[in-house]
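Visitor: here is the input, now give the coordinates:
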Amino acid sequence: MSAPALAERRSNFFLGFLLLPKEKRQALSAVYSYCRLIDDIVDSGHLRSDEAGRMLDYWQAEVDRLFAGTPTHSVSSRLLPWVSMFRLPREPFLEMIRGCRMDLERRRYETFAQLESYLQGVACSVGALGVGIFGYAHTPKPRMEEFVRLFGYAFQMTNIIRDVGADLEIGRVYIPEEDMRQAGYSPQALINRIHSPAFERLMELEYDRTQTFYRRARNLVDFRDRPSLLPAEVMAHIYEGVLHDIKDTGFRVLFERKRLSRWRKLALAFKAWLYCQGIHL
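Guide: Here you go, the predicted model:
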């Protein structure tokens with residue numbers, strides 16, 4: 001099995017892939033490979049910052065070549081037929097690059113407003129491409145764009161909460177410092193991995209914000225579009241499962257990284273299917 005296929009199988013996206021028709025599954029797989037490649041440029045640890053920046057420059061130019069119909073890389077060549085078939089826009093591909101480049105330029109965020117730019121780059125871009133492949137017919141376009149934005153925020157904030165300790169290992173802090181002050185916590189306490197009542201207040205704040213994003217996003221979608229958006233809901237249910245487990249176990253994220261069992265993911269995928277059929281448990 002190829003490396004991209006293995007990555008897909010091990011990711012929370014894999015169950016969503018399974019529920020798509022063949023062409024849409026292949027298109028989303030190609031998009032996933034592109035996003036994974038861009039993300040690995042800055043997160044793999046194999047490249048110095050200047051080398052990673054040059055690689056992102058290459059991919060920015062490669063996106064232009066892709067949309068001109070002359071890609072030079074196997075990953076972008078794999079994307080070529082799907083960009084045409086599903087009329088995927090150029091901007092989300094470039095936004096993914098911009099968002100990942102932010103990881104080379106800053107290690108901390110003062111406000112959530114600053115963090116939003118990062119979320120839009122690394123998460124909302126993926127959502128925009130996914131919805132372009134899934135398709136929808138009844139939700140007005142502005143509402144669907146807001147749905148993509150809020151689900152992207154929810155997914156990435158779930159990752160940020162889950163990966164607090166892992167991000168500290170590579171010197172990154174995504175939790176806004178204004179949130180720390182509100183909770184009575186500090187950046188130094190976080191660096192020292194101090195799990196205190198103030199840390200739990202901080203995590204509660206991020207948890208509540210993230211749950212609000214999930215709830216607001218779902219309220220934007222016309223119920224008739226939910227079946228076509230089932231892969232997105234499968235992913236959302238799994239990510240929410242991770243988020244709930246983190247809270248239920250006392251936000252033990254400074255030294256642990258929460259994972260769900262395969263059976264729990266399957267149960268959440270089934271719950272997502274029921275939701276998209278109008279059956280709410």
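Visitor: so where's the stretch 101-250 of the chain shaky on pLDDT?
Guide: Low-confidence segments of the stretch 101-250 of the chain (pLDDT under 70): none present.
Visitor: residue contacts, residue 233?
Guide: 226, 272, 275, 276 (Cβ atoms under 8 Å, 6 or more residues apart in numbering). C-beta here means a position set from N, CA and C on the backbone, and glycine is covered the same way.
Visitor: out of the residues you listed, who's the most crowded?
Guide: For these, the largest neighbour count, defined by other Cβ atoms under 10 Å, is 25 neighbours, found at residue 272.
Visitor: wait, that one touches residue 237, no?
Guide: Yes - counting by Cβ atoms under 8 Å, residue 272 sits close enough to residue 237 to count as a contact (4.1 Å).
Visitor: ok so, going back, in a markdown table, list the contacts of residue 233 along with distance to residue 247.
Guide: As requested, the contacts of residue 233 are arranged in a markdown table below (distance: Cβ to Cβ, whole Å):
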| residue | distance to residue 247 |
| --- | --- |
| 226 | 26 |
| 272 | 20 |
| 275 | 21 |
| 276 | 25 |
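Visitor: what about the residues you listed, which are in helices?
Guide: Counted as lying in helices by DSSP state H, out of the contacts of residue 233, are 272, 275, 276.
Visitor: among these, find me the one that's closest to residue 21.
Guide: For those, the minimum distance to residue 21 (Cβ to Cβ) is 15.5 Å, reached by residue 276.
Visitor: now for the closest residue to the closest one other than its chain neighbours: which residues touch it?
Guide: Sequence neighbours aside, residue 226 is the residue nearest to residue 276 in space, at 4.2 Å (criterion: Cβ to Cβ, 6 or more residues apart in numbering). Residues counted as contacts of residue 226 (Cβ under 8 Å, 6+ apart) are 233, 275, 276, 277, 278.
Visitor: least confident of these?
Guide: Among these, residue 278 carries the weakest pLDDT, at 87.
Visitor: gap between that one and residue 180?
Guide: Taking Cβ to Cβ, to the nearest Å as the measure, residue 278 and residue 180 are separated by 41 Å.
Visitor: what segments of the stretch 101-250 of the chain are helices?
Guide: For the stretch 101-250 of the chain, the helices defined by DSSP state H, counting those that start in this stretch occupy 112-119, 125-134, 141-162, 164-169, 177-183, 187-191, 197-218, 230-248.
Visitor: returning to what we had before: will you turn the ones in helices among the contacts of residue 233 into JSON lines that also has distance to residue 191?
Guide: As requested, the ones in helices among the contacts of residue 233 are exported to JSON lines (distance: Cβ to Cβ, whole Å):
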{"residue": "272", "distance to residue 191": "37"}
{"residue": "275", "distance to residue 191": "40"}
{"residue": "276", "distance to residue 191": "42"}
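Visitor: from the contacts of residue 233, which is closest to residue 122?
Guide: residue 272 (23.0 Å).
Visitor: for residue 234, see how far away the closest one is.
Guide: When Cβ to Cβ is applied, the distance between residue 272 and residue 234 equals 4 Å.
Visitor: same check, this time on residue 278
Guide: When distance is defined by Cβ to Cβ, residue 278 is 16 Å away from residue 234.
Visitor: look at these two and report which has more neighbours.
Guide: Taking residue 278 and residue 234 together and counting by other Cβ under 10 Å, residue 234 has the greater number of neighbours (27 against 10).
Visitor: pretty sure that one contacts residue 271?
Guide: No - proximity of residue 234 to residue 271 does not meet the contact threshold set by Cβ under 8 Å, at 9.2 Å.
Visitor: separation between the residue nearest to residue 71 when sequence neighbours are not counted and residue 28?
Guide: Among residues not flanking residue 71 along the chain, residue 77 sits closest, at 4.7 Å (Cβ to Cβ, 6+ apart). When distance is defined by Cβ to Cβ, residue 77 is 17 Å away from residue 28.
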